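Visitor: One predicted model, sequence on top.
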Amino acid sequence: MKNTLDPLIGTKIQLVIEEDGTANPPSLPTGTVLKRMGNPAGGYYFLVRLDRPVRSIRAKTGETWTLVNLLVWPSFQGDSLDRALGGNEVPVGISNVLQEVGPDLPPIDSSNVVYFARGIVKA
C-alpha cells in the first residue's frame, strides 16, 4: 500500500548488488520498501523486504547467510532514493538485518545490522 507522506513506502523496487566482496554477488528478487528511518549520520535508511529470501555467501566469514530484510541508503551525500521513482538508478549502500522485523516487533537493533555491499536501486 502506498504511503501519501513518503511515496517510496510500499513501492516495489529492484535492488542490484554490484559488489559484496565475493566473486559472484547474488541476484536479488524485487522487494518492497517498508519503512524510512533516520540515519544518525544524516539522511535516511530504507527498510526493504525482498519478495523471497536469498541465500548467499558472506564475504567476511565465508559462511552462508540469508538476505531478506535489507537496509539501503544513498551512497552519495545529498542524493535521494526518490530519484528511483523517476526511472533513475540510485547508487546505494546495503546492510543485512539479522533480526525479524515487523510492526509488533522491537525496533531494529544496530548490533543486528551488517553492512556488506554496494549496489543500485531501480523502481
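Guide: Received, thanks. Numbers count the residues shown, from 1 in each chain.
Visitor: Please count neighbours and contacts with C-alpha atoms only from this point.
Guide: Will do.
Visitor: Just the pLDDT at residue 97, thanks.
Guide: In this model, residue 97 is scored at 97, pLDDT.
Visitor: Determine the number of other residues adjacent to it.
Guide: When counting by other C-alpha atoms under 10 Å, one arrives at 24 neighbours for residue 97.
Visitor: what residues are up against the closest residue to it other than its chain neighbours?
Guide: Distances taken as C-alpha to C-alpha, 6 or more residues apart in numbering place residue 113 nearest to residue 97, at 4.6 Å, with adjacent residues excluded. Each residue near residue 113 by C-alpha atoms under 8 Å, 6 or more residues apart in numbering is listed here: 95-98.
Visitor: For the worst-scoring helix or strand of the chain on mean pLDDT, which helices and strands make contact with it?
Guide: Every helix and strand of the chain was ranked by mean pLDDT, DSSP states H and E. The lowest is strand 31-38, at a mean of 92. Contacting strand 31-38 under the criterion 3 or more C-alpha pairs under 8 Å, 6 or more residues apart in numbering; DSSP states H and E are the following elements: strand 12-19, strand 44-57.
Visitor: what comes into contact with it?
Guide: 8-15, 44-51.
Visitor: Mind doing that once more with 6 Å?
Guide: Residues from elsewhere that reach strand 31-38, judged by C-alpha atoms under 6 Å, 6 or more residues apart in numbering: 9-13, 44-51.
Visitor: nearest to residue 66, of those residues?
Guide: Proximity of these to residue 66 (C-alpha to C-alpha) peaks at residue 50, which lies at 10.9 Å.
Visitor: Next, count neighbours for that closest one.
Guide: 21.
Visitor: shift numbering so it begins at 24
Guide: Will do, 24 is the new start, and the previous item becomes residue 73.
Visitor: any low-confidence regions in this structure?
Guide: Applying pLDDT under 70 to the chain picks out residues 24-28.
Visitor: can you give me the strands in it?
Guide: 35-42, 54-61, 67-80, 87-97, 113-120, 136-145 (DSSP state E).
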